[in-house]
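Colleague: Sequence and computational prediction follow.
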Amino acid sequence: MRAAGAECSGLHRGMAARILHRLRHALSGDGGREERPCGGAEAEDCPESSELEDDTEGLSTRLSGTLSFTSHEEEEDEEEEEGAGEEPGQAPQPAAAEDGEWGPEAERGGGSSLLSRQLQELWRRSRGSLVPQRLLFEVTSASVVSERSSKYVLYTIYLIRSGRFDKAPAAIARRYSDFERLNRRLRCRFGCDMAGIAFPRKRLRQNFTAETIAKRSRAFEQFLSHLHSIAEIRRSPEFLEFFFLQDLQAAQRLTCTGMYREALATWANAYRLQDRLGACGSSRFLLTLAGLAVCHQELDELSEAHGCCEQALQLLEAQGSHPLLGPFLQAHVHLAWKVGKDKRRSEALLQDLREAGPPLQQQPTLKECLIKEPLE
């Protein structure tokens with residue numbers, strides 16, 4: 001009897017120990033799963049802990065330094081946002097250690113959820129951060145052009161922003177003499193900076209062989225990339241206008257002759273070129289917006305024309321007085337009335353101009369400003 005009582009008491013103690021063991025695991029986030037030994041013959045039954053630690057260390061090594069697109073300040077902002085989302089009174093989640101050390105969470109079997117959080121955080125940061133961009137110059141094609149008195153190679157160059165997909169490319173077509181003129185002008189103004197920049201020499205023969213064209217194509221890519229890497233040169237009018245001045249001149253001629261569809265495509269390419277080159281605050285860019293607005297309006301694309309005027313007015317608001325301010329305001333009021341948009345602010349600014357300057361009737365329209373603007 002006494003032996004049976006002892007056996008029953010031992011059984012109850014064993015059951016209590018197992019219940020307590022399960023309760024501890026439930027409170028620690030293990031879902032009530034019994035802990036099983038991981039050594040000896042039963043090691044294959046619970047490989048999660050060892051495999052997870054190995055995988056996470058390898059993953060940490062592979063991802064280290066490859067997805068870090070934010071600055072230190074941005075990383076601090078991200079951490080503050082993460083902490084701000086915790087409910088009052090909730091215990092903060094343990095942070096992952098560096099160099100693949102994931103802390104005690106992995107040992108308790110909760111490493112899979114920690115790994116998921118780590119991947120989600122890396123993905124969120126990589127999507128929300130600004131990828132450093134640089135401008136690439138790529139010669140995509142070269143064709144031999146024969147005219148009555150001359151023969152030359154025309155190189156087509158694409159301007160590509162790394163780290164970003166451009167739906168519509170920005171492209172130029174230039175010949176050797178255009179590059180040579182740019183090189184000469186820059187050496188006159190930036191002699192010291194240009195001293196270490198190579199330029200392909202002229203050849204007396206074999207200018208039209210495939211080998212020469214291929215070598216020059218690569219040389220022109222390197223030439224433009226080197227120029228763009230020097231801050232003073234890439235901001236200079238000589239460098240910038242090498243890319244978009246020809247398009248502006250051609251678009252102006254097409255607009256003057258009433259070929260608005262062809263002019264619109266040329267204005268649009270000039271817009272993309274200036275956008276890639278970071279020249280969106282210049283008077284040339286305002287003229288480009290004027291060309292786009294006029295052509296869209298002539299083609300009865302009023303919403304697009306209204307958008308161009310709004311963009312121009314945002315730039316002009318930061319510049320103060322400008323010869324194109326009045327024409328853009330008049331065009332914006334007219335187009336806003338046509339498309340049913342708010343025009344009160346533009347009307348108020350027009351009233352201020354009317355009180356401060358000459359009558360608006362004497363001011364040229366946006367199209368007249370576009371035609372009369374000298375582009376040299």
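Modeller: Great, that's in hand.
Colleague: what about the helices in the stretch 251-376 of the chain?
Modeller: 260-277, 283-298, 302-319, 325-339, 344-356, 366-372 (DSSP state H, counting those that start in this stretch).
Colleague: Which one, of those, ends up nearest to Gln206?
Modeller: Checking those against Gln206 by Cβ to Cβ gives helix 260-277 as the closest, at 32.1 Å. C-beta here means a position set from N, CA and C on the backbone, and glycine is covered the same way.
Colleague: Would you mark the buried spots in the closest one?
Modeller: Under the neighbour-count criterion of 16 or more other Cβ atoms under 10 Å, helix 260-277 has 260, 263-264, 266-277 buried.
Colleague: Next, the residues that contact that helix from outside, please.
Modeller: With contact meaning Cβ atoms under 8 Å, 6 or more residues apart in numbering, helix 260-277 is reached by 135, 159, 161, 166, 168-172, 234, 240, 243-244, 247-248, 250-251, 254-255, 280, 282, 284-285, 288-289, 291-292, 294-296, 298-299.
Colleague: And the buried ones among the residues you listed, selectable in ChimeraX?
Modeller: A single ChimeraX command selects the buried members of these (16+ other Cβ under 10 Å):
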select :135,159,170,171,172,234,240,243,244,247,248,250,251,254,255,280,282,284,285,288,289,291,292,294,295,296,298
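Colleague: By mean pLDDT, flag the weakest helix or strand of the chain.
Modeller: Least confident helix or strand of the chain, by mean pLDDT, DSSP states H and E, is helix 48-63 with a mean of 33.
Colleague: Would you mind saying which of the helices of the stretch 251-376 of the chain lies nearest Arg203?
Modeller: helix 260-277 (29.4 Å).
Colleague: Point out where the stretch 201-350 of the chain drops to low pLDDT.
Modeller: 320 (pLDDT under 70).
Colleague: cutoff 90 now
Modeller: 201-208, 281-283, 317-323, 350 (pLDDT under 90).
Colleague: can you give me the strands in the chain?
Modeller: Assigned by DSSP state E, the chain shows strands spanning 135-146, 151-161, 170-175.
Colleague: Take the ones you listed and write them to CSV, including distance to Arg345.
Modeller: Converted to CSV, the strands of the chain look like this (distance: least, Cβ to Cβ, whole Å):
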stretch, distance to Arg345
strand 135-146, 35
strand 151-161, 33
strand 170-175, 32
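Colleague: Could you save those strands as CSV and add columns showing distance to Leu186 and mean pLDDT?
Modeller: Shown next, in CSV, are these (distance: least, Cβ to Cβ, whole Å; pLDDT from 0 to 100):
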stretch, distance to Leu186, mean pLDDT
strand 135-146, 15, 94
strand 151-161, 17, 94
strand 170-175, 15, 96
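Colleague: For Leu135, see how far away Gln319 is.
Modeller: 25 Å (Cβ to Cβ, to the nearest Å).
Colleague: Might one say that Phe328 is in contact with Gln314?
Modeller: No: applying Cβ atoms under 8 Å, one finds Phe328 not in contact with Gln314, separated by 10.4 Å.
Colleague: Between the two, which is the more surrounded one?
Modeller: Looking at Phe328 and Gln314 with other Cβ atoms under 10 Å, you find the greater number of neighbours at Phe328, namely 26 against 9.
Colleague: Not counting sequence-adjacent ones, nearest residue to the more buried one?
Modeller: Ala312 (5.0 Å; Cβ to Cβ, 6 or more residues apart in numbering).
Colleague: Just list the residues touching that neighbour, thanks.
Modeller: So, once contact is read as Cβ under 8 Å, 6+ apart, Ala312 ends up touching 286, 289-290, 293, 324, 328.
Colleague: hmm, back to that, right, so of the strands of the chain, which gets closest to Ala336?
Modeller: So among those, strand 170-175 is nearest, using Cβ to Cβ, at 29.8 Å.
Colleague: what lines up beside the closest one in the sheet?
Modeller: Strand pairing for strand 170-175, determined by DSSP bridges: strand 151-161 (antiparallel).
Colleague: List the buried residues for the strand it pairs with?
Modeller: For strand 151-161, the neighbour count (16+ other Cβ under 10 Å) marks 152-153, 155, 157-160 as buried.
Colleague: And for stretch 204-218?
Modeller: Applying a neighbour-count criterion of 16+ other Cβ under 10 Å, one finds 213, 216-217 buried in stretch 204-218.
Colleague: Please render those residues as TSV that adds distance to Tyr176 to the earlier fields.
Modeller: Compiled in TSV, those are given as follows (distance: Cβ to Cβ, whole Å):
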residue	distance to Tyr176
Ile213	10
Arg216	7
Ser217	11
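Colleague: Now tabulate the contacts of Ala312 in a markdown table and tack on distance to Pro200.
Modeller: Conversion of those to a markdown table gives the following (distance: Cβ to Cβ, whole Å):
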| residue | distance to Pro200 |
| --- | --- |
| Leu286 | 36 |
| Leu289 | 36 |
| Ala290 | 38 |
| Ala293 | 40 |
| Leu324 | 40 |
| Phe328 | 43 |
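Colleague: Identify the residues contacting Phe242.
Modeller: 174, 178, 182.
Colleague: likewise Cys280?
Modeller: Counted by Cβ under 8 Å, 6+ apart, Cys280 has contacts 274, 315.
Colleague: ok, it to Arg181 distance?
Modeller: 25 Å.
Colleague: With Phe239 instead?
Modeller: 12 Å.
Colleague: likewise Ala195?
Modeller: Distance from Ala195 to Arg181, by Cβ to Cβ: 19 Å.
Colleague: quick one, which of the two is more surrounded?
Modeller: Arg181 (14 against 8).
Colleague: what's the neighbour count on Arg174?
Modeller: 20.
Colleague: pretty sure Tyr158 is touching Ala171, no?
Modeller: Yes: Tyr158 lies in contact with Ala171 (Cβ under 8 Å); the separation is 5.2 Å.
Colleague: what touches both of the two?
Modeller: The overlap between the contact sets of Tyr158 and Ala171 (Cβ under 8 Å, 6+ apart) consists of Thr140.
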